[in-house]
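Engineer: Here is my input; please provide its structure:
(2 chains)
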There are 2 protein chains.
Amino acid sequence: MKTLKVALLGAGNVGSQVARILLEDSDVLAARTGARLELVGIAVRNVDAPREYAAPQALYTTDASALVRGADIVIELMGGLEPARTLILEAIEHGATVVTGNKALLAVDGPALYEKADAAGVQLSYEAAVAGAIPILRPITDSLAGDKITRVMGIVNGTTNFILDAMDSTGAEFSDALAEATRLGYAEADPTADIEGHDAAAKGAILASLAFHTRYALEDVHCEGITGVTATDIAAAKDAGYVIKLLAIAEKLDGGVSVRVHPTLLPREHPLGAVRGAFNAVFVEAESAGELMFYGRGAGGSPTASAVMGDVVSAARRLVLGGPGRTDSTIEVLPVLPIDAVSTQYYIHLDAADQPGVLSKISALFAENGVSIESMRQTVHREHTENEGPGSAELRIVTHRAGEAALAATVEAIKGLDVINSVTSVLRVEGV
Amino acid sequence: MKTLKVALLGAGNVGSQVARILLEDSDVLAARTGARLELVGIAVRNVDAPREYAAPQALYTTDASALVRGADIVIELMGGLEPARTLILEAIEHGATVVTGNKALLAVDGPALYEKADAAGVQLSYEAAVAGAIPILRPITDSLAGDKITRVMGIVNGTTNFILDAMDSTGAEFSDALAEATRLGYAEADPTADIEGHDAAAKGAILASLAFHTRYALEDVHCEGITGVTATDIAAAKDAGYVIKLLAIAEKLDGGVSVRVHPTLLPREHPLGAVRGAFNAVFVEAESAGELMFYGRGAGGSPTASAVMGDVVSAARRLVLGGPGRTDSTIEVLPVLPIDAVSTQYYIHLDAADQPGVLSKISALFAENGVSIESMRQTVHREHTENEGPGSAELRIVTHRAGEAALAATVEAIKGLDVINSVTSVLRVEGV
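Structural biologist: Numbering: from 1, shown residues only, chains lettered A, B, ... in the order given. Reported below is the predicted structural model:
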């Protein structure tokens, strides 16, 4: 039986679990791949650091570069841009198959790395970088290879899903839900990358690349986080039968692709609406297959290690078979469209004066800007009428599909009306 | 560019859509596989029959056997046992890769066919036979290849899910919900295979084979349908926070595997609980990955064609690469355990006399049989007390995990109590 030398770069949460599986399940892996997977070394910064799972001490080394040069399969789980990028490039140059879970690096340098791997005829796999344990890479690249994907919508960040879910079930404000997420370990000390949507955007770029057989990077993704979502937004959405989720959306439109991350209203009965807590899910729409959803854990050492090992087994099978195999040739490169090219339904929450004629003034502004209204609900609050003049009216408007620019112009015009106290929220709606 | 000859057997709902994709998307398929996929013929019973999608007339032939002998890839979508089995065996003998969506044949003859294909060194793929459009074959065989699956639970029959969903949302009795499903085209004129669980059992055998790298056939599956599920069962389950689903379950236990199909109570917030109408979903538990779910359309021409084409593209890629590749060698064959070996929680609904001492008599019987009670709820109905003697009490009991035999003995003993009017339902509970 052939032996394949495996180099592991990094021994954090995920790396430790990958080492454990490689060492403890070597017979099963040999049966499933047709090759012995020999872990030849684990590159770490400090060989003596305490670890959750301790491999034989002799396997730890600080010389990652030497490890890479002697390996058939290189598993990069260091994270960050450098030295991960340099080591992956070295692996590619030496003809090693690369498996990585490094979404930050792929989001920035993915297109360049994929091209280098293609040119060298080696495989670069990254299942763990997309949605943790959820098998999404192979379903898209293999199972749906005879179909045409039209849209992908993913809940791909567990921290923000946990926060939004907590706000939805307890009515908490964003800051309180974030504090709770931090206390429970679902949010990092500096949660910026999560709550501003950057992590979701990195994964969105990868999902879009997979779905549309083209290569997108982080800079192609329009990104809005959840820091502006209020308890009022959540309550109003809930009241109208919606739930607010942070979605990474990659969508094929006339003339190109839109890749974007933003808080989105979904009908509560939508399959993505039921994804709770720190779970992730990717909802795929394809021409023939229709609607599909893939659900599972988006993070954590063991779950992510499972995804890494799926890539490793596939890589080993291909190497046993005798080659890296064909990567897709791209038929047409779909350009990235600006957010203005996207047309979605919108939910708008207004605080207006309770006066005759308000509704007609607002409706007229929508009409002038070519945005048509699907539904409009008014709730009048009269508690203070006697002391403070006219009461206020809460207006909840759901539009038909409209362009970003037309909607923005409408909202600006509404803000200028003297009968409007405030525009409380403007949110996109999907999945209706 | 290499050309691969593709023979299509059958031109029904799915076959027609596969023909359409092969003919209309040939450039995309060539780019994705590295080979031209040439549809060399479509075997049908009557070349002149009217069809939903009409391929060039010259492609239709009644000589399936000749077609098979000249093909690199044979797509079998005729359904039924014969002549499908004979043609697949011919294809294997001639070294053609086989793609089939024929779950009935696989359930009966799967193990023999897989062995023949292995022996001949050809690939036999069957994504479309498991859960329609849902990519489940490759996630299990590839993405989770470095993990260990412990349990698979699937809603794999759309007809029964539609019926149970209708009963749940409208309170209808089984017969009325079935009539509605028939009227809407979700149930066939003879719904036996669906409502008795046979179709789910066939898919359960395939799922179990995939998940546990062994080969199971229909006869290994313990099967109970949904004809005994009443509106009372559904209402009581709903009231207690459960939903009733027909599940195909394949589970690794000490000493073997249990494969079974039966109506099951699931907590309403379980991911499978949200699978509505005719949709399918497969819930997978793996050691490292944790909980995963795959959701999508379980039937229909286009969705199923998408799954077939995924198999065709993968087959073509392998043929371009130069070989059929390695099939798993099985490490250990896990024997099938009888239903008695399974231990689950049970939900029991009793109609008892409202007398002192009833609860203690019932509890004593549970204790005698070694079944422990998790919760017990009693609702007393006293409407008729004055005229008809003592009123009746409804008892709802959820047990801790118990074996089938112990539970059956308990229920038998309870039925013998003079204070018991009837045992209204006994249902298994999963996913708690």
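
Engineer: List, one by one, the residues from the stretch 151-300 of chain A near chain B.
Structural biologist: A:213, A:269, A:271, A:274, A:276, A:286-297, A:300 (Cβ under 8 Å from any Cβ of the partner chain). Any C-beta I mention is one placed from the backbone N, CA and C, and that applies to glycine too.

Engineer: Are any of these buried, and if so which?
Structural biologist: The neighbour count (16 or more other Cβ atoms under 10 Å in any protein chain shown) marks A:213, A:271, A:274, A:286, A:288-297, A:300 as buried among these.

Engineer: Now go through the residues of the stretch 151-300 of chain A next to chain B and say which are in strands.
Structural biologist: Members of those lying in strands (criterion: DSSP state E): A:286, A:290, A:291, A:292, A:293, A:294, A:295, A:296, A:297.

Engineer: related to what we said a few turns ago, what is the nearest of the buried ones among the residues of the stretch 151-300 of chain A next to chain B to residue A:61?
Structural biologist: Nearest to residue A:61 out of those is residue A:300 (Cβ to Cβ; 26.3 Å).

Engineer: Correct me if wrong: the closest one contacts residue A:132.
Structural biologist: Yes - using Cβ atoms under 8 Å, residue A:300 makes contact with residue A:132 at a distance of 6.9 Å.

Engineer: how about low-confidence regions in chain A?
Structural biologist: A:322-332, A:382-390 (pLDDT under 70).

Engineer: Domains in it, by residue range?
Structural biologist: A:2-133+A:301-321, A:137-297, A:342-429 (automatic domain parsing).

Engineer: tell me which element residue A:347 is part of?
Structural biologist: strand A:343-353 (DSSP states H and E).

Engineer: Next secondary structure element downstream of that strand?
Structural biologist: Downstream of strand A:343-353, the next assigned helix or strand under DSSP H and E is helix A:358-368.

Engineer: could you give the angle of that next one to strand A:343-353?
Structural biologist: Here the directions of helix A:358-368 and strand A:343-353 differ by 150 degrees (axes from the mean of the first three to the mean of the last three Cα atoms, to 10 degrees).

Engineer: Show me what helix A:358-368 is packed up against.
Structural biologist: The contact analysis (3 or more Cβ pairs under 8 Å, 6 or more residues apart in numbering or on different chains; DSSP states H and E) places helix A:358-368 against strand A:343-353, strand A:373-381, strand A:392-399, helix A:404-415.

Engineer: Return the residues in contact with residue A:126.
Structural biologist: For residue A:126, the contact set (Cβ atoms under 8 Å, 6 or more residues apart in numbering or on different chains) comprises A:99, A:100, A:101, A:102, A:103, A:106, A:137, A:206, A:311.

Engineer: what about residue A:419, distance to chain B?
Structural biologist: Residue A:419 sits 42 Å away from chain B, going by Cβ to the nearest Cβ, to the nearest Å.

Engineer: That residue touches residue A:360, doesn't it?
Structural biologist: No - the pair residue A:419 and residue A:360 does not pass the contact test of Cβ under 8 Å, sitting 10.6 Å apart.
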